[in-house]
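J.: after the sequence you'll find the predicted model.
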Amino acid sequence: MRVVKVFISHSTSRDEYGRWVREALCQGLRDRGYEVLVDADGLRSGDEWRPRLYCWLRECRAAVVLLNRAALESDWVRREADILMWRRSFNGSLLVLPVLVGDVTAEDVREAGFGDLSEVQMTHQVPTTASLKLSPSEAALEILDRFPDLPRHEDDDLVSRWVEDIAAQFAQVWTVDRLPRVGAALGLPERDLSSLVPQSDVSCGFLAAQMLHTHEATRLDKALREISRHMDGSALDHLVHLVLPVWIDPTSARWILPPGWGRDRHAVVLNVQNPETGAYYLGRAFCMDGSRYCCLTVGTGPCGEEDPETELRNACERAIRSVFGMTSRHALEDAPEQADCHTYLILDAEHCTLEQAAKVVDWLHEKLPWLHVLVIPPQRLEERDDRPGGLADILLLTPPFGADDERLAIRVGRGMLLDWSAARPGGVPWARR
């Protein structure tokens, strides 16, 4: 039987009490037969990337997130929590157990931006250790007592399967000593390049796990050029399609995932310039698994004397009818919701006002409540800006990159498709237009 791996997310290097709790918890988990994945040394000053952590985040079957004051201020703990919750979106059996340490409260967790963790916290009711005046060993026992029996692992974790698929393509590289060159091109720290041992499945998995990190499109292009002539064309084509969206930050992309099965209305305003970026966001969020989502991109050209709202509405209807094989004899409301597959419509509002786009979104949700809409606004919005109609209360998602970075990434992605893919170049291959 495989040993269950438990990841510990923490920021305790400068918190003596938190460190003692962490050490006692790790020992208690090991005593119960778990393999504990923990970075005991903490990040070095200036570290932005710890490759081994991405492997652990992908491998773990459960995770404990120790939320002391330092963790609430740690970008790394936030990144780890985001990736864990991204995996959990596709696999409810993945245990993520937040623990309040010291004087941290659930309200502190929400205000620090760990909102979805606070919802998990309410489920497990792990106590605040300081309020109970527990010693570190007693606190660890409290956590262990509330550590549930892990349910049967469901093979439905898109993130893990995506990483495994990438590893399988790396394993197709004929000249295996090229793999360290891929790592170097991606910018792996020198101390981690030694992990890439030629002819090793571990090396392929280690390298694949780094795709959980965000990589500039130019670095990704350079990395693939290191192996493009050292593998079969079909394997290279598959690899290109799998990794194209990794210039998108996964912790940002996961917010466009459906809010939950059974909830109808869902829309996001995505603060980008090009609707192709919306398709990249979907590819990143769904780990390029086309069986789980369907993407339509809809927009209009300059409308002249025509009403932009009417033109955009008609374009949406044509796209929906086309993808579902519907004729004019069918009512738009008869478009079928696909089981286990979410339909997204990327609404390019470049040639209309935001008010007109809002009306089109309201109309779409009136006709098809299950449809997910990504609105690309006519100009960049700020949080303080007023948004009309149904757009007022939905998420405004602003990516952590600028317009120049976006244009460069799209241009590089098109070049990669042109050079290495059997798909039609000049566009994002998984976005239907």
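T.: In hand now; what should we look at? Numbers count the residues shown, from 1 in each chain.

J.: pLDDT weak spots in the stretch 51-200 of the chain?
T.: 119-133, 151-156, 194-200 (pLDDT under 70).

J.: residue boundaries of the helices in it?
T.: Along the stretch 51-200 of the chain, the segments classed as helices by DSSP state H, counting those that start in this stretch run 51-59, 69-72, 75-90, 106-111, 115-124, 136-145, 158-170, 179-186, 190-193.

J.: go through those helices and name the closest to H238.
T.: helix 158-170 (5.6 Å; C-beta to C-beta). The way it works is simple: take the backbone N, C-alpha and C, and place the C-beta from them, glycine included.

J.: for I394, which non-adjacent residue is spatially closest?
T.: Closest residue in space to I394, ignoring its immediate chain neighbours: A267 at 4.9 Å, by C-beta to C-beta, 6 or more residues apart in numbering.

J.: show me what the helix or strand harbouring that neighbour is packed against.
T.: Per DSSP states H and E: A267 is located in strand 266-270. If contacts are counted by 3 or more C-beta pairs under 8 Å, 6 or more residues apart in numbering; DSSP states H and E, strand 266-270 sits against helix 275-285, strand 372-376, strand 395-397.

J.: name the element R229 belongs to?
T.: With DSSP H and E as criterion, R229 is part of no helix or strand.

J.: tell me how far it lies from R58.
T.: 28 Å (C-beta to C-beta, to the nearest Å).

J.: how about S234?
T.: Taken as C-beta to C-beta, the span from S234 to R58 is 25 Å.

J.: so what pairs up with H342 in the strands?
T.: Y293 (DSSP bridges).

J.: isn't it up against G290?
T.: No: if you go by C-beta atoms under 8 Å, H342 and G290 don't touch, sitting 11.4 Å apart.

J.: looking only at neighbour counts, state which of these two leads.
T.: The neighbour comparison of H342 against G290 (other C-beta atoms under 10 Å) goes to H342, with 19 against 14.

J.: wait, what's in contact with the more buried one?
T.: Contact analysis of H342 by C-beta atoms under 8 Å, 6 or more residues apart in numbering lists P258, R292, Y293, C294, H372.

J.: measure it to P245 for me?
T.: 17 Å.

J.: would you mark the buried spots in stretch 209-218?
T.: A209, Q210, M211, L212, H213, T214, H215, E216, A217 (16 or more other C-beta atoms under 10 Å).

J.: also stretch 361-380?
T.: Applying a neighbour-count criterion of 16+ other C-beta under 10 Å, one finds 361-365, 367-368, 370-378 buried in stretch 361-380.

J.: returning to that earlier point: with just CA atoms, put the strand holding A267 into CSV.
T.: What follows is strand 266-270, C-alpha atoms only, in CSV (Å, rounded to 0.1, in the frame of the first residue of the first chain):
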residue,chain,number,x,y,z
HIS,A,266,-21.6,32.9,-13.2
ALA,A,267,-19.7,35.7,-15.0
VAL,A,268,-16.3,37.3,-14.6
VAL,A,269,-15.0,40.5,-16.0
LEU,A,270,-11.4,39.7,-17.1
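
J.: give me the mean pLDDT for it.
T.: For strand 266-270, the mean pLDDT works out to 91.

J.: can you tell me the strand partners of it and which way each runs?
T.: Strand 266-270 has these strand partners (DSSP bridges): strand 372-376 (parallel), strand 395-397 (parallel).
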